[in-house]
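Novice: quick one: sequence plus predicted model below, questions after.
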There are 2 protein chains.
Amino acid sequence: MTTSSTGPNVTGGTASATEAVPPASASLSRRGVLGLALGAGAAGLALGAGAGATAGVAVGRAREQDAAASVYDFFGAHQAGITTPVQDHLHFAAFDMMARTDRDDLVTLLQDWSYAAARMTQGLDVSATGAVGGSPEAPPDDTGEALGLAASGLTITFGFGPTLFENDGEDRYGLAAMRPAQLEKLPAFLGDDLDPAHSGGDLCIQACADDPQVAVHAIRNLSRIAFGRARLRWSQLGFGRTSRTTAAQSTPRNLFGFKDGTANVLATDQAALDDHVWVAASDEPAWMAGGSYLVARKIAMLIETWDRVRLSEQEAIIGRTKGAGAPLSGGDEFTEPDFHATGADGEPAIPVTSHMRLAHPELNDGNRILRRGYNFVDGNNELGRLDAGLFFLSYQRSPEQFVTLQRALSTDTMNEYIRHVGSGLWAIPSGAAPGSYVGAALFA
Amino acid sequence: MTTSSTGPNVTGGTASATEAVPPASASLSRRGVLGLALGAGAAGLALGAGAGATAGVAVGRAREQDAAASVYDFFGAHQAGITTPVQDHLHFAAFDMMARTDRDDLVTLLQDWSYAAARMTQGLDVSATGAVGGSPEAPPDDTGEALGLAASGLTITFGFGPTLFENDGEDRYGLAAMRPAQLEKLPAFLGDDLDPAHSGGDLCIQACADDPQVAVHAIRNLSRIAFGRARLRWSQLGFGRTSRTTAAQSTPRNLFGFKDGTANVLATDQAALDDHVWVAASDEPAWMAGGSYLVARKIAMLIETWDRVRLSEQEAIIGRTKGAGAPLSGGDEFTEPDFHATGADGEPAIPVTSHMRLAHPELNDGNRILRRGYNFVDGNNELGRLDAGLFFLSYQRSPEQFVTLQRALSTDTMNEYIRHVGSGLWAIPSGAAPGSYVGAALFA
């Protein structure tokens, strides 16, 4: 087992300079780096949804007036950040376990991450001493840039990649027998142009918040907590959510300028969630019950090329109007598309190779996924073109749902304007029970 | 002169699908690509501050409730985006003029940019036909991803780099005689590690908004309008403003976790603006009256190293406490620092090499600048470290103010934790009069 002495310090100070931040329960026994208490007695971890609203230094930004109202429980039957109303900003990170780490390192990492995530999602620092408490002669536990910012709807969602269970035939953590049969590297798809530096990872963390500084703070601190055990493999910032998970959320637009996510699975549609998103208790393996599978695809958009396509062709490629987002068969955004409708020329009003038709459940045996993607701009290339696109995230009960849809899109006329440049698949375990940690069932 | 036939089309359609967007004045004569009308008769360009508040498709995101209230005039004595209350998001872009362009190309580019900027800052599409109007058989003028989003406080600020006036001894646009004597590449500073790919540029555009999608939309569309005339050289996204320009704004934190911008020049301090920010009519050259000079420095922060520094040392480096941001000589955030105060050890309470002391006006002959920087995270490097830092932006009456301050920081103990990796200097002309364009005085 590696030592964690070079990681963030657990400072033993008594008085916290951040008076508004309640100290962690004194009954917490310390484990790992930041000290995660286990067992039913650790009530200090079961932070209620209201705890964070008044926490932190009372300095507000304008947007906190509404963001402060959004505080989501970390603990629960399912992990937050899946059906949660999609926040405006994303920081996604994939990690690899470091060499010479063992099962105990992995377990304590997950415990430490869960402890810190439970606090940060409530608007608190990563530990009781936090950013400015503890000893002045030690580095603070928390890096501090979120001091004074509200919880801002932060959710932190953890996942396990195929390589965590078995990597080049090696069963590093005694988990090979627990690997879900479907959790394997996604198959190659037509047109894939994947960069290994933006693909895969033993572990993933999706941090979503209505303030990007809060999401960045979460990934930065979780990365720091992982010191000596797991290393950041790649990360992605995103903005302008490209889906919605509640009917109250408007449908946002992707960088092709079209509404995206109109037909997404909504958090209120329990039947659809049970059918398409949550792993059932009867599914294999048992430890995944209440979990889901997350697919990430970094999709570069050739926006300069797209921008030169005439409006009617753009709409034919998508299958919807650009303004209202209505199906080309008529109606408004939420009108069901009529794939049998024909135009004046006798051709289908919704072209057979349109993106919307190819992806529609009606033509995919009712197959649906819960999308949760974001737009991204990563600067520009040497030709002066913006390095921009869609960071696609989808949750589904089985990876096969994504594979089926992606294969159906092989004739998508949109393919001329996009490149899949990054990819990953992770098993998303169920939510942690209060006092426990994410993934505990895997190690039971 | 280059042709612009491959740029965005000017579509001649009559009916706009975006009914809520008012058409541009029919009296506008068309010039350049998107058609900028000049002269006193072009009242259609003098969009009032209220015009944008109700424009655009009436689809709201949660944050629009407040963002919609922020609509800033594009036209005025000074360009917006300098003293404007600092918005939450930045997309900054530097451009180079393309080979074989002439003075007329440059003038029409500035006219087209001004026309589009005047519209976008009011929450409108880049042109009257916009994202979904005009002919379905032509590419839309506007790329569409901001359809339905409010103006979100968007400001667009244009600048001219030294190379626009003279590049390798070549006076491409007949402007060499107009170059401000102080507008030249910044001198080298101790520790500079500049990447030419993130430095310089004939032109720059600073787009700030409270919605990143709105800022990105602005840069994307201005870049598109420049097609064939200027090419994006580099760009930078930023979040979490690291300064404030009004007393009502709280002081945000940089990625070292400290409050940044406490002592910034405020928009209400007219005397300080006149002394330190705005070029006076008596300054040379005359066409710069009412303008300013913008310095951009991309400053990488070695955050993993910083995070291992003990709290007392972090505070000694900054000169302020981490929690409240108070000077180490005592008081609260807004207490004036006492550089003569000593600690129990007899040493200065505020170390002589602290960042705050070295940069303080009291020790720099009253020299002040208006800062407007942002935090950035550009993913991570191959060691798993976040590629993060501060995108420093400052406005000053003379570049010499920045040079003096930066030289004073040569003994800054913070230098161990930062690297300046990008740099640029631009002359920021005064604001455009209604019906005119940014920089008109330069070509008069």
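Specialist: On my side now, so go ahead.

Novice: now do the contacts for A:T251.
Specialist: By CB atoms under 8 Å, 6 or more residues apart in numbering or on different chains, the contact set of A:T251 is A:R244, A:K259, A:D260, A:G261, A:T262, A:G325, A:E333, B:V59. Where you see a C-beta, it was placed from the backbone N, CA and C, and this is true even at glycine.

Novice: what's near enough to touch A:A209?
Specialist: Taking CB under 8 Å, 6+ apart as the test, what A:A209 contacts is A:Q87, A:D88, A:H89, A:A151, A:S152, A:G153, A:L154, A:T155, A:A215, A:A218.

Novice: wait, doesn't the third one sit right on A:D210?
Specialist: Yes. A contact is recorded between A:H89 and A:D210 when judged using CB atoms under 8 Å, the distance being 6.7 Å.

Novice: tell me which stretches of chain A form strands.
Specialist: Here chain A has its strands, by DSSP state E, at A:89-97, A:155-160, A:203-209, A:230-239, A:292-301, A:370-371, A:374-380, A:386-396, A:418-428.

Novice: so which of the ones you listed is nearest A:G81?
Specialist: In terms of CB to CB, the element of these nearest to A:G81 is strand A:155-160, at 3.4 Å.

Novice: who touches that closest one?
Specialist: A:72, A:74, A:79-82, A:84, A:87, A:110, A:113-114, A:117, A:120-121, A:183, A:202-209, A:218, A:222, A:294, A:426-429, A:438-439, A:442.

Novice: stretch A:402-420 now?
Specialist: Under CB under 8 Å, 6+ apart, the answer for stretch A:402-420 is A:186-187, A:189-194, A:256, A:293, A:295, A:297-302, A:305-306, A:309, A:316-318, A:351, A:353-355, A:358-359, A:363-364, A:367, A:369, A:389-390, A:394, A:396.

Novice: out of those, which are inside helices?
Specialist: In this view, those that belong to helices under DSSP state H are A:T305, A:W306, A:A316, A:I317, A:I318, A:H355, A:L358, A:A359.

Novice: including pLDDT and neighbour count, could those residues go into CSV?
Specialist: Listed next are those as CSV, based on pLDDT from 0 to 100; neighbours: other CB atoms under 10 Å in any protein chain shown:
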residue, pLDDT, neighbour count
A:T305, 96, 11
A:W306, 97, 20
A:A316, 97, 21
A:I317, 98, 23
A:I318, 97, 26
A:H355, 96, 21
A:L358, 96, 21
A:A359, 95, 21
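
Novice: which one of the residues you listed sits closest to chain B?
Specialist: Of all these, chain B sits closest to A:W306, with 8.3 Å by CB to the nearest CB.

Novice: hmm, the closest one is touching A:F256, no?
Specialist: Yes. Between A:W306 and A:F256 there is a contact at 5.7 Å, judged by CB under 8 Å.

Novice: need the residues touching each of the two.
Specialist: A:Q314, A:Y417.

Novice: in the stretch 1-150 of chain A, what residue comes closest to chain B?
Specialist: A:G144 (2.4 Å).

Novice: count of residues packed around the nearest residue to that residue once chain neighbours are set aside?
Specialist: Leaving aside its sequence neighbours, A:G144 sits nearest to B:G257 (CB to CB, 6 or more residues apart in numbering or on different chains; 2.4 Å). B:G257 has 25 neighbours, counted by other CB atoms under 10 Å in any protein chain shown.

Novice: residues contacting A:Q213?
Specialist: A:E145, A:A146, A:L149, B:F239, B:G240, B:P252, B:R253, B:N375.

Novice: wait, the fourth one touches A:P212, no?
Specialist: Which is B:F239. Yes. The pair B:F239 / A:P212 is scored as a contact, 4.2 Å apart, by CB under 8 Å.

Novice: can you check which residues contact both of these two?
Specialist: If you check B:F239 and A:P212 against CB under 8 Å, 6+ apart, the residues they both contact are A:H89, B:H89, B:P212.

Novice: which secondary element of chain A has the worst mean pLDDT?
Specialist: When each helix and strand of chain A is scored by mean pLDDT, DSSP states H and E, helix A:64-67 comes last, with a mean of 44.

Novice: tally of neighbours for the closest residue to A:D141 other than its chain neighbours?
Specialist: Setting aside the residues directly before and after it, A:D141 is nearest to A:S127 in space (CB to CB, 6+ apart), at 4.0 Å. If you count neighbours by other CB under 10 Å, A:S127 ends up with 29.

Novice: doesn't A:M120 make contact with A:S127?
Specialist: No. At 10.2 Å, A:S127 and A:M120 do not qualify as touching, with contact defined as CB under 8 Å.

Novice: in the stretch 201-350 of chain A, mark out all the helices, start to finish.
Specialist: A:212-225, A:270-276, A:303-306, A:311-318 (DSSP state H, counting those that start in this stretch).

Novice: re earlier: just the buried ones from the contacts of stretch A:402-420?
Specialist: With burial judged by 16 or more other CB atoms under 10 Å in any protein chain shown, the buried subset of these is A:186, A:189, A:194, A:256, A:293, A:295, A:297-301, A:306, A:309, A:316-318, A:351, A:353-355, A:358-359, A:364, A:367, A:369, A:389-390, A:394, A:396.

Novice: got the contacts of A:T251 as CSV, with distance to B:L383, neighbour count and pLDDT columns?
Specialist: Formatted as CSV, those follow (distance: CB to CB, whole Å; neighbours: other CB atoms under 10 Å in any protein chain shown; pLDDT from 0 to 100):
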residue, distance to B:L383, neighbour count, pLDDT
A:R244, 37, 22, 91
A:K259, 40, 26, 95
A:D260, 35, 26, 90
A:G261, 36, 22, 85
A:T262, 41, 16, 86
A:G325, 43, 22, 96
A:E333, 46, 17, 95
B:V59, 43, 18, 25
